[in-house]
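1. requesting a structural model of the entry that follows:
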Amino acid sequence: MFSQPGDAVQCSKLVVSGNPEYPPLLWVPRDTPKVLVGAVPQFLKEVVKPLGLEVEVRNIGSWARVQRLAELGELDLVAGAFITSERITYMDYVLPPMVQLPTNVWVRRDKVFQYRHWPDLVGKRGSTLINNSFGQNFDSFAEENLDILGVRSIEQSYLMAEIGRVDFVLYELLQGKVKLERLGLEADFVALAPPVSKEGLFFAFPKKSRCNNEPLREAFMDELLALKRAGRFEQLIDEYAEKYVREVR
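-> A predicted model of the protein is given here:
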């Protein structure tokens, strides 16, 4: 149990969730659909073990729902979020980021178009997850200039691109590779360069969480930094990418 003298509330367990469409970092296993597994949940457990905290990483639905419940204070920690101006109003981010993630424009290999920068996407139709963010600058540009359909699962985005309903899919490079391999579509799609953005992925404590206090955040940060310096997160990414692709559907 994490506490300090004078604390009004003691925190013994973190109720956690994150983006369920984010393998190998987070995903919903077939045999236990009420939880999330992946590199991030395992990394989180190793971060908080020295603090004596239990962790419950729940599958509570879509990424949009996760963000809404974080805003309401019904979660103690969000396991993996980019920084946006909206999210910092209701979450306290823990430094450093777990990893820097590039997001790319994915297209069918036989439908490649010239892409150099964001304006090359104007006039085309894309798809990605509902309420997904790819950095404040790109998000602002996309809202004003691009036609991007938000859907509940990234598989839906890729399948729409496969049949020509959209021209491109916006998704992280790492996650896109393992998703396509699992779908058996890795030979059909290519990620265009350069990335549309490269953003840090952070743990974040909702401001209304009863577990959110400065001593806990500082202790959490110290353990996170030590594991990052040891290269632990990169090891877990490799391990869980293999597990995700091999998981029986």
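
2. any figure for the gap between the nearest residue in space to K45 that is not next to it in sequence and Q156?
-> Leaving aside its sequence neighbours, K45 sits nearest to V55 (C-beta to C-beta, 6 or more residues apart in numbering; 5.3 Å). Bear in mind the C-beta positions are built from the backbone N, C-alpha and C, glycine included. Distance of V55 to Q156, given as C-beta to C-beta, to the nearest Å: 30 Å.

3. what about the strands in the protein?
-> Taking DSSP state E as the test, the strands found in the chain are 13-17, 21-22, 26-27, 54-57, 77-81, 91-108, 125-129, 147-151, 168-172, 189-206.

4. adjacent strands (with direction) for the first one?
-> Applying DSSP bridges, strand 13-17 is found paired with strand 54-57 (parallel), strand 77-81 (parallel).

5. now the shortest one, how far from the chain's geometric center?
-> In terms of C-alpha atoms, centre = their mean, to the nearest Å, the centre of strand 54-57 is found 17 Å from the chain centre.

6. before we move on, what about stretch 95-104?
-> 9 Å.

7. CA atoms only: put that stretch into PDB for me.
-> Extracted C-alpha coordinates of stretch 95-104, given in PDB (Å, rounded to 0.1, in the frame of the first residue of the first chain):
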ATOM      1  CA  LEU A  95       7.900  11.600 -17.400                       C
ATOM      2  CA  PRO A  96       9.700  10.200 -19.200                       C
ATOM      3  CA  PRO A  97       7.600   8.600 -22.000                       C
ATOM      4  CA  MET A  98       7.800   4.900 -22.400                       C
ATOM      5  CA  VAL A  99       8.700   5.100 -26.000                       C
ATOM      6  CA  GLN A 100       8.600   7.400 -29.100                       C
ATOM      7  CA  LEU A 101       6.100   6.100 -31.600                       C
ATOM      8  CA  PRO A 102       6.000   7.200 -35.300                       C
ATOM      9  CA  THR A 103       2.600   7.300 -37.000                       C
ATOM     10  CA  ASN A 104       2.400   6.600 -40.700                       C
END
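
8. what stretches of the protein score poorly on pLDDT?
-> Within the chain, the segments meeting pLDDT under 70 span 1-9, 248-249.

9. quickly list the domain ranges of this structure.
-> What the record gives for the chain is the domain set 13-100+200-246, 101-198, from automatic domain parsing.
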